[in-house]
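Chemist: whatever this is, show me its structure:
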Amino acid sequence: MVENVRGTFSALLHRRPRVTALLLLAFISLAVSVVSFLPGGSSASHPTRAVHTEIRTVEAVPPHSAAPAAPVAVTASPLASTSTTPTPTPTPTPTMTTPTMTTPTRVVTATVAMPVQPSIATLVAEVEAAGIEPGSNWSWSMGDTATHCGVITGAGTGCTFGAAGLEQTVFAGSPTLTLVAHELANAETQNDAVPDLLNEVAAVAGTTSWSQTDAVASCLVAHFMGFQDAAAGTWQCSSTLASFVAANIHDTLSTVVAVAPR
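Modeler: Prediction:
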């Protein structure tokens, strides 16, 4: 048997000297350990030292041949926390406004024709055409009536003055047909009326007329124009007296034949 071991050892030494040396060292270490545990060995005089032999086996894994490591499942421990879910803000829905088509209302404005006041010349011509005769030398103009007749109030005023046959009338403001007719009748009365006619008419009018001339002039307007002028007080000449005045206005005698009706 010893020969077999020796032959084997000799063969290993020649074939693999490195491996044989390692085996030899391992064998010597084992022999020393066995001797130290025998009775009467060196352990009687020396304390026993425990020899710890650790054999680590490392298996070499050839590259690109190792199986991939199994994935490790990591479980996250839920942390105790208060979860707040934000409330979504509602998106406002746009309001669709349909424009209202408004049909424009056609406004028809009625044009009211304002009465146009005729010119004084037109009024004068109308009065003369009706039959009132202020005289061939009579004239009229626009001016200040207060110069010869004092202050007269109203939107339109008139003043007749002058000697017989040279009467003049001044108008101010916007005289009406009634005023123009009265002033032309005043001019005719001053130019033609005899004193007896003035006195008889004044006796009837009394204090309702501003003067004898105005009283006779109102009778002429009532007869030729057909209306009461009310231009010199509140005097209202009757149609009978108005006709009497018109028939006697051009008398040349100082007295009238007939008596003025009352």
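
Chemist: so where's the stretch 51-200 of the chain shaky on pLDDT?
Modeler: 51-88, 90, 92-102, 104-115 (pLDDT under 70).

Chemist: residue boundaries of the helices in it?
Modeler: 120-130, 146-149, 177-192, 195-205 (DSSP state H, counting those that start in this stretch).

Chemist: what's the closest of the ones you listed to residue 221?
Modeler: Closest approach to residue 221 among these (CB to CB): helix 177-192, 4.9 Å. Where C-beta positions appear, they are placed from N, C-alpha and C, glycine not excepted.

Chemist: what's the burial count for residue 222?
Modeler: 24 (other CB atoms under 10 Å).

Chemist: how about the contacts made by it?
Modeler: Taking CB atoms under 8 Å, 6 or more residues apart in numbering, we find residue 222 in contact with 228-229, 237-239, 242.

Chemist: could the residues you listed go into JSON lines alongside neighbour count and distance to residue 189?
Modeler: JSON lines is the format used below for the contacts of residue 222 (neighbours: other CB atoms under 10 Å; distance: CB to CB, whole Å):
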{"residue": "228", "neighbour count": "16", "distance to residue 189": "16"}
{"residue": "229", "neighbour count": "25", "distance to residue 189": "13"}
{"residue": "237", "neighbour count": "26", "distance to residue 189": "12"}
{"residue": "238", "neighbour count": "13", "distance to residue 189": "18"}
{"residue": "239", "neighbour count": "11", "distance to residue 189": "18"}
{"residue": "242", "neighbour count": "21", "distance to residue 189": "13"}
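
Chemist: of the helices of the stretch 51-200 of the chain, which stretch is the most buried?
Modeler: helix 177-192 (a mean of 25; mean count of other CB atoms under 10 Å).
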